[in-house]
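J.: Pasting the sequence and the predicted coordinates here, then a few questions.
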Amino acid sequence: MKRFVCALLLFAATTFAASIQTPSQFLGFEVGADRKLADYRQIVSYFHALAAASPRVKVESLGKTTLGEDFIMAVVTSEGNMRNLEKIRETARKLADPRGLNDEQIAQLARDGKSIVLVTCNIHSSEIASSQMAMEWAHALASANDVETKRRLDNVVLLLVPSLNPDGQIMITDYYRKYLGTRYEGGRLPWLYHHYVGHDNNRDWFMLTQLETKELSRAVYHEWYPQVWVDEHQMGTDGPRMFIPPFADPLDPTVHPLIWREANLVGTNMAFRLEQQEKAGLIYGFSFDAYWLGGTRNTGWWKNITGLLLETASARIASPIVIDPSELRGGQKGLIDYKATINHPHPWAGGTWRMRDIMDYERIASDALLETAADRREDLLRDVAVRARAAVAFGGKSAYRIPHDQHDWPTAQFLAALLIEHGVEIQQAGNGDYWISMAQPYSRFLDELLEPQRYPEVRLQPGKDILRPYDVASWTLPLALGVTVEKTVMPPKAAFPRVTEIKPETEEVIKRHASQPKPRIAIYNPWGGALDEGWTRWLLDSYGFTPKSLHPQEVKAGLQNLDVFILPDIDKEEIATGRRAGGEGSMKYVDELPPENRGALEKEGAQALRTFVENGGTLIAFNAGCDYVIDNFNIPVRNVLAKATPTDFSVPGSLARVHIRTDHPVTAGMPEETAVFIDHPIAFETTLPGNEMQRWVLATYPDDARDVLLSGWINGEEKLTRKAAAVAMTFGKGRIVLFGFRPQHRGQTHATYPMVFNALYWGR
Ligand SMILES: [Zn+2]
């Protein structure tokens, strides 16, 4: 009997490889060919088929996406490891939190454990190639019988997410197929490629506002504890072919240096394997820094995970492009001129570039990841414990206290709940205060989120300008949320019970307005999409307002049956004409959208807006949207920064102090001082109007330039002193509220939400 079973197993082992269909066989077209795309549902069905055919593949559901798709992650490893996944996860979890383990126990766990590597694809949906590559790669790993692949799979558990934005992957493939063979083939989408947050889905990894971010973070920080995370992106068309770490300066010195050494080790092997296969245009130390916290794998750096970003040059979705050699350019940090440099020794010569090329580059890099993760298995496992121990020591005796007695307790609860979602340990004292001991593995993450940022001013040559931030420069949550958090030490012998779940109470601002009917709200939605429109819609949807989102044609048709119209942070030129603003001599070209998805407000739209306000509507504008209102309404307000050059004034996303006038309906319930998030902000000067209108300065920057910046980086802060940050006025029978900042910035600035909600109800 035993013999018979063995024979059967042997038979199964030799034949399953042959019965595993390739993605092309399964889907009935050549995956990776020009103008062919598998959509997310096809990809999911392929992964399920692969899991059914191969004992090396398993499909896990991470949950539902924003628009209700099944959000999947494939687990790929050897048959033996697949039977032992629980133990492998348990080992990784212990190493991620080694408190109580001695050196010998850590060494033993590292010897026994398996590397767990996470590869996420296609978070930016138009960066489509990795979603196709994932199927081919999984097939190759499932069906290979060579010794080296088997060795890698014996040492490594691969977690493979074929798309981090399934909804957007479907939008892109639908749109691509619709316009295939027309002049719009491969063109940009006329709307955001994530239902709410478009490209900003990769700015959300510390705030966890979106479903996809939450669901993957749960898998990473509560279930799998991977040691390495690689996120596969695409960049522009006319520079290097592929960025692979080492990252560029600046770096955050809080992050454990082993993170950078491991990223360099893994990245260098990727570039080595690519160069061996004569792939041109590889670059490191380019553009992408080691400072910013918001992206997928970036957030992991502060939580002891080695994260790598890959960026391959794009085609036009699945359509090939041809780049003339004269069009190849540098012009970015790490490659000023397009030529051979030590970080870019083999420039690509130009010519045809297709999705197949992108997939090939990504595949070689991904295989090289498995090679390093297998070769360095014990090192990678032990290093997580080394970093976690160092973080516990870094935290020492210090602690944070979130006092129960504060201005906005429900938002304080929200902060504590968010930290728990991140895997942070929190305790609660009898009086309701939350206590966070810093002697825990995520202490660096806590330090980063709870303390002000001071942007590192790195210069690459004496006398030259500093390297500017890649994205924003501040993420200090107590300031952004308006929550009091005190740095202190754990009280002696404190043994408060640990809290593992918090349900925040309803915020005051919602309670205050709860008995009134909800205003009817519309948000301006330009063709091509605007991130701030998406975030505004997300905020209002989250609080039950169900706003409409109006395209220019709909605004021109008149704004009847509406109480409030919101102009998000969009450049005034783009609102008015649909054209992109830009400096003298800059490339202003944007490719054409189909006729049904074109147009801007123009004269008719501006008139419709004025009529709406004159007849009693409320117009609210955020940041750049205010410039449009100033130009199109006769109001006693000007933007004092309108002519400022980047040398005079520059602030790429920082938290600044403002004083609030609290006796106006829009500022009701606000504290007298708050932090506002400023990212290329507008500052106002007002003047006394005639008798036809009233105006109020709602928020003002401090008198002294040294008091302006609370966290982040700013140049030219004296330009903000004594200037208004928010103003309100009557206009005809209606009202206008101008916020010279984004009071709902990326779903992070709860401190300034009440002003947005109050503005919606002003005059009701
Ligand atoms: Zn990207």
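T.: Perfect, I can see it now.

J.: any chance you could read off phi and psi for whatever residue of the stretch 601-750 of the chain ends up closest to the ion?
T.: Nearest residue of the stretch 601-750 of the chain to the ion: R746, at 16.2 Å (Cβ to the ion). Every C-beta, even on glycine, is put in place using the N, C-alpha and C of the backbone. Here is the backbone geometry of R746 (degrees, to the nearest 10): phi 50, psi 30.

J.: What is the neighbour count of it?
T.: By the criterion of other Cβ atoms under 10 Å, R746 has 25 neighbours.

J.: surely it meets W205?
T.: No. Judged on Cβ atoms under 8 Å, R746 makes no contact with W205 at a distance of 11.2 Å.

J.: quick one: low-confidence ranges for the protein?
T.: 1-18 (pLDDT under 70).

J.: How is it partitioned into domains?
T.: Per the record, the chain has its domains at 36-390, 396-499, 509-580+594-761, by automatic domain parsing.

J.: right, quick check: the first one against the ion, any contact?
T.: Yes. With Cβ under 5 Å from the ion as the measure, domain 36-390 is seen reaching the ion through H124, E127, H233.

J.: does L160 sit in a helix, a strand or a coil?
T.: strand (DSSP: H, G, I helix; E, B strand; the rest coil).

J.: Return the set of residues that bridge with it.
T.: Note on L160: beta-bridge partners by DSSP bridges are A74, V119.

J.: Would you mind listing the buried residues in stretch 554-574?
T.: Residues 554-556, 559, 562-574 are the ones in stretch 554-574 that count as buried (16 or more other Cβ atoms under 10 Å).

J.: quick one: that stretch to chain centroid distance?
T.: 27 Å (Cα atoms, centre = their mean, to the nearest Å).

J.: Please shift the residue numbers so they start at 4 in all later answers.
T.: Noted, 4 is the first residue going forward, which turns the last one into stretch 557-577.

J.: And it, end to end?
T.: For stretch 557-577, the separation between the terminal residues is 16 Å (Cα to Cα, to the nearest Å).

J.: and if you look at stretch 451-461?
T.: End-to-end for stretch 451-461, by Cα to Cα: 19 Å.

J.: can you pull the buried residues of that stretch?
T.: Quick answer for stretch 451-461 (16+ other Cβ under 10 Å): E451, L452, L453, E454, Q456, Y458, P459.

J.: Next, format those residues as JSON lines and append distance to R540.
T.: Shown next, in JSON lines, are these (distance: Cβ to Cβ, whole Å):
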{"residue": "E451", "distance to R540": "29"}
{"residue": "L452", "distance to R540": "26"}
{"residue": "L453", "distance to R540": "29"}
{"residue": "E454", "distance to R540": "32"}
{"residue": "Q456", "distance to R540": "28"}
{"residue": "Y458", "distance to R540": "31"}
{"residue": "P459", "distance to R540": "35"}
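
J.: re the thing from before, now, the buried residues of stretch 557-577 that are in helices?
T.: Under the assignment DSSP state H, the buried residues of stretch 557-577 contribute E557, V558, K559, K575, E576, E577 to helices.

J.: Looking at those residues, which one is closest to S81?
T.: E577 (52.9 Å; Cβ to Cβ).

J.: Tell me which residues touch the closest one, please.
T.: Applying Cβ atoms under 8 Å, 6 or more residues apart in numbering, we find E577 in contact with P529, R583, A584, A603.

J.: State whether the last one is indeed within a helix.
T.: What that stands for is A603. No. Using three-state DSSP, the secondary structure at A603 is coil, not a helix.

J.: okay, now it: neighbour count?
T.: 19.
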